[in-house]
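Asker: 3D, please:
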Amino acid sequence: MPFRTYMDWVLHDPGHGAYGSGRLRIGPDGDFATAPSLGPDFAALLAVQVADWLEQLQRSAPAAHPLALVEAGPGEGSLAADLAGALNRDRPDLAACTELVLVEPNAGMEARQRRRLAGCPLPCRWSSFEALAQAPLRGVLLAHEVLDALAVERIVWDGALWRRQVVSLHEDASAGLSLRLEPGEPLEPEAAEGLHALGLLPPSPQRPPGWCTELHSGLDPWLCQAAAVLAAGPLLVIDYALEARRYYAPQRPAGTLMAYRGQAASGDPLVAPGEADLTAHLCIETLERAVHGRVPPGRGPARPGAGPAPPRPAARPRRSGGAAAPARGPAAAGGSPCPRRFPLAGLQPRWPAGGHPPFPAGARSPRWLNHPAWGLLCGDAFNVLVPYRGLL
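Answerer: Numbering: from 1, shown residues only. This is a model prediction of the structure:
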């Protein structure tokens, strides 16, 4: 089967998928940790910007017009719960006219989110992109570590052609059944043509036969669905991302795909199918092309910086694998005496040396950059993509 089908099944099958069954656990005691799972500071920082956007929407519509805070792929529900609490505490005027909407395609994860949000101070409901498109909302749509979990195409160079990688089932008399990654059919000419923009064509001798990477074919349909959800408001994507020149560098012979289970990382995507998380970085240029055509001129995604490749947070180890210590306390922040620094490191942008935030002309600098907690940030764990109001 195509690798993309395999990845979709092992993550989202209702009975056997890691997310679909609800088997996967997020947090320092789970399979991997995210910044929201380590405490409320991440949400407190984001809440300032979210409130600013909601306030702008409130001023541009009749007073009685309701607002929505929509989160796609809410995980354990920690970010949604903390954002709702922060709005209710710090901006009760906005909380009074805002509902929380969760878009979760996996029943197993939704069940845990419902338990986590049982005491949510905002009106709360679960829906789907398809249902929301029937009556688009005015609000903010968040996607935190969602796009990196979309199923990807995996392609492999055979020395003459780019081929789609497939997953095959083999039976051995001594070892029994096993899964293997193998080259499949060559890419169609129209698909191969797109590789020029990524630097994968013409061929390079630095990419020997067997060199493989990912293509993000799931971005277009996801963005089309997201575009139909909002009548007005911004989409905020926070995720792992690399520019094409770094993503497809010859020194990255296996792409960025990683498996996470029990706080350990593996470069083998076939490990523990249905029990491990699979994730691949985003390619910024691919995302920009997917967004193109849905934005007014000059209002595309903002790219915070272009520095060296960012390390993963301590709770999501590098490709070398091995167990990761729980990302808590001073040790999680590289010896810092401030235990809050690690969760907040997820919002550290990467400005060019001595430069300034490269926001689109005329765009306002996000307010969370000026939040008092900004002084606690450290590390360089994420790229932050900030598409401004009017993107979708």
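Asker: Output the below-cut-off pLDDT ranges for this protein.
Answerer: 62-64, 293-392 (pLDDT under 70).
Asker: could you pull out the helices for it?
Answerer: For the chain, the helices defined by DSSP state H occupy 3-12, 41-59, 78-90, 92-95, 107-116, 129-132, 189-193, 219-227, 244-247, 284-291, 329-332, 341-344.
Asker: on contacts alone, who are the packing partners of the first one?
Answerer: Using 3 or more C-beta pairs under 8 Å, 6 or more residues apart in numbering; DSSP states H and E as the contact criterion, the secondary-structure elements in contact with helix 3-12 are strand 153-157, strand 162-172, strand 277-279. Yep, even glycine has a C-beta here, placed from its N, CA and C like the rest.
Asker: measure the residue in the chain sticking out farthest from the centre to Leu270 for me?
Answerer: Distance from the C-alpha centroid of the chain peaks at Ala173, with 41.3 Å (C-alpha atoms, centre = their mean). In this view, Ala173 and Leu270 are 20 Å apart by C-beta to C-beta, to the nearest Å.
Asker: Out of the helices and strands packed on helix 3-12, which one sits most buried?
Answerer: Highest mean neighbour count of these: strand 277-279, a mean of 24 (counted as mean count of other C-beta atoms under 10 Å).
Asker: what sits up against that one?
Answerer: For strand 277-279, contacts defined as C-beta atoms under 8 Å, 6 or more residues apart in numbering pick out 7, 10-11, 18-19, 24, 31-32, 145, 148-149, 240, 257-261, 269.
Asker: Direction included, what does that strand pair against?
Answerer: strand 258-261 (antiparallel) (DSSP bridges).
Asker: what's in contact with the partner strand?
Answerer: With C-beta under 8 Å, 6+ apart as the criterion, strand 258-261 contacts 31-32, 265-269, 271-272, 275-280, 316, 319.
Asker: Got the domain ranges for the protein?
Answerer: Domain ranges of the chain: 34-146+216-239+280-387, 154-215, per automatic domain parsing.
Asker: Pairing partners for the residue nearest to Gly233 when sequence neighbours are not counted in the sheet, please.
Answerer: Leaving aside its sequence neighbours, Gly233 sits nearest to Gly139 (C-beta to C-beta, 6 or more residues apart in numbering; 4.9 Å). Going by DSSP bridges, Gly139 is paired in beta bridges with Ala68.
Asker: from what I can see Gly139 touches Ala61, true?
Answerer: No - contact between Gly139 and Ala61 fails when scored by C-beta atoms under 8 Å: they sit 10.7 Å apart.
Asker: Comparing those two, which residue is more hemmed in?
Answerer: Per other C-beta atoms under 10 Å, whichever of Gly139 and Ala61 has more neighbours is Gly139, with 25 against 15.
Asker: tell me the contacts of the more buried one?
Answerer: Counting by C-beta under 8 Å, 6+ apart, Gly139 touches Leu54, Leu57, Leu67, Ala68, Leu69, Val70, Thr98, Val101, Leu230, Gly233.
Asker: same question, Leu179
Answerer: Counted by C-beta under 8 Å, 6+ apart, Leu179 has contacts Val167, Ser168, Leu169, His170, Leu270, Pro273.
Asker: Then Gln225?
Answerer: Listed by C-beta under 8 Å, 6+ apart, the contact set of Gln225 reads Phe129, Glu130, Ala133.
Asker: if we go to 7 Å?
Answerer: Phe129 (C-beta atoms under 7 Å, 6 or more residues apart in numbering).
Asker: got it, and Gly27?
Answerer: Gly27 touches Ala33, Ser37, Glu76, counting by C-beta under 7 Å, 6+ apart.
Asker: Could you do Leu215 as well?
Answerer: By C-beta under 7 Å, 6+ apart, the contact set of Leu215 is Val152, Glu153, Ile155.
Asker: mind running it again at 8 Å?
Answerer: For Leu215, counting by C-beta under 8 Å, 6+ apart, the contacting residues are Val152, Glu153, Arg154, Ile155, Ala191, Thr286.
Asker: likewise Leu230?
Answerer: Residues near Leu230 by C-beta under 8 Å, 6+ apart: Val70, Pro136, Leu137, Arg138, Gly139, Leu141, Leu392.
Asker: about what we covered before: mind listing the shared neighbours of Gly139 and Ala61?
Answerer: By C-beta under 8 Å, 6+ apart, no residue touches both Gly139 and Ala61.
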